[in-house]
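**Q** What shape does this take:
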Amino acid sequence: MEEKEGILHGIDWSGQDLSGVQLPGEDLSEANLSGANLRDANLAGANLAGADLSGANLRDANLEGAKLERANLKAADLNGADLKKADLKADLEDADLSGANLREAWMFMANLAGAKLERANLKGADMRGVDLKKADLKKADLRDVNLSGAKLSSADLRRAKLSGANLAGARLEWAKLDGANLEGADLSNANLGGADLIGAKLEDADLSDADLEGADLRDVNLSGAKLRGVVLRWSDMSGAKLEDADLSWANLSWADLENADLSGANLEGVIWEEEEEEEWEEEELDL
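**A** Reported below is the predicted structural model:
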């Protein structure tokens, strides 16, 4: 590693062994650190905007408060890294953030498709519009996270903590949410078509106008939940707890409600079985 002389903007340290390096608060913007070994590095408060960190080893690195806007962190190893309050409006596709500390991180519109975030701490993070398609978020702490408009299709959120999270308008088609805690979460206008929510906790959650067509809601707890206008066609709600839930104007056509508890629920205007509409197309013949 060459000695730093003044500002380090744009420096090329690609592939170098920088393990344990001390660079807190330094300007490393636009630097090339691809494939570098930065394990246990101290980069707290550093400016890494636009830097190339693709494939870099950042395990257990200190990046608290670091600026990583526009950085390339594709396939980077950030296992156990400290990214508290970091600016992560970056490309983190296929990155490993397992067990990382991302509390209150700024991740607005970041790309985290396919990323590993198992057991990561994301409490209070701003993840509006983030791309988390097929991401691994098993047992992650997402309490009070803003995920409004996020893309979580086919993401694995089994046993994740999502109480108080804002998932309004989020895309969660085919997501795995078995055993997840979504108490008091905002899922209004969210798309959960085909999602697995077996045994999930959704007490007092807001699912107004959400789409849960074909979702697996067996043994889910929806006590006191807001389900006004929700689409639950073809969903499996057997054994679900719906005491005091607001199901007004919900579409429950062909839903399985065997052994479901609807005591005290508001069922005004519920569609129990809609008529199937047959559309006939007239064939035009060119003579």
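**Q** Any regions of the stretch 1-150 of the chain where pLDDT drops low?
**A** Within the stretch 1-150 of the chain, the segments meeting pLDDT under 70 span 1-6.
**Q** separation between residue 55 and residue 187?
**A** 36 Å (Cβ to Cβ, to the nearest Å). C-beta coordinates here come from the backbone N, C-alpha and C atoms, glycine included.
**Q** swap in residue 138?
**A** Residue 138 sits 19 Å away from residue 187, going by Cβ to Cβ.
**Q** likewise residue 140?
**A** Separation of residue 140 from residue 187 (Cβ to Cβ) stands at 17 Å.
**Q** rewinding a little: when residue 138 and residue 187 are compared, which one has more neighbours?
**A** residue 187 (29 against 21; other Cβ atoms under 10 Å).
**Q** who's in contact with the more buried one?
**A** Residue 187 makes contacts with 167, 168, 170, 205, 206, 207, 210, as judged by Cβ atoms under 8 Å, 6 or more residues apart in numbering.
**Q** Likewise for residue 258?
**A** Here residue 258 is in contact with 238, 239 (Cβ under 8 Å, 6+ apart).
**Q** Spell out the residue ranges of the strands in the stretch 151-287 of the chain.
**A** Counting by DSSP state E, counting those that start in this stretch, the stretch 151-287 of the chain forms no strands at all.
**Q** can you pull the contacts of residue 120?
**A** By Cβ under 8 Å, 6+ apart, the contact set of residue 120 is 97, 98, 99, 100, 101, 102, 137, 140, 141.
**Q** go again using 7 Å as the cut-off
**A** Applying Cβ atoms under 7 Å, 6 or more residues apart in numbering to residue 120 gives the contacts 97, 98, 99, 100, 102, 140.
**Q** for stretch 96-103, how far is the first residue from the last?
**A** The separation between the terminal residues of stretch 96-103, taken as Cα to Cα, to the nearest Å, is 16 Å.
**Q** Just give me how far it sits from the chain centre.
**A** Distance, stretch centre to chain centre, for stretch 96-103: 13 Å (Cα atoms, centre = their mean, to the nearest Å).
**Q** again, but for stretch 210-221
**A** 18 Å.
**Q** Span of it from start to end?
**A** Terminal residues of stretch 210-221 are spaced 16 Å apart (Cα to Cα).
**Q** contact partners of it?
**A** 187-203, 230-241.
**Q** what does stretch 72-82 give?
**A** 52-64, 90-101.
**Q** Which among those residues count as buried?
**A** Buried members of those, scored by 16 or more other Cβ atoms under 10 Å, are 52-64, 90-101.
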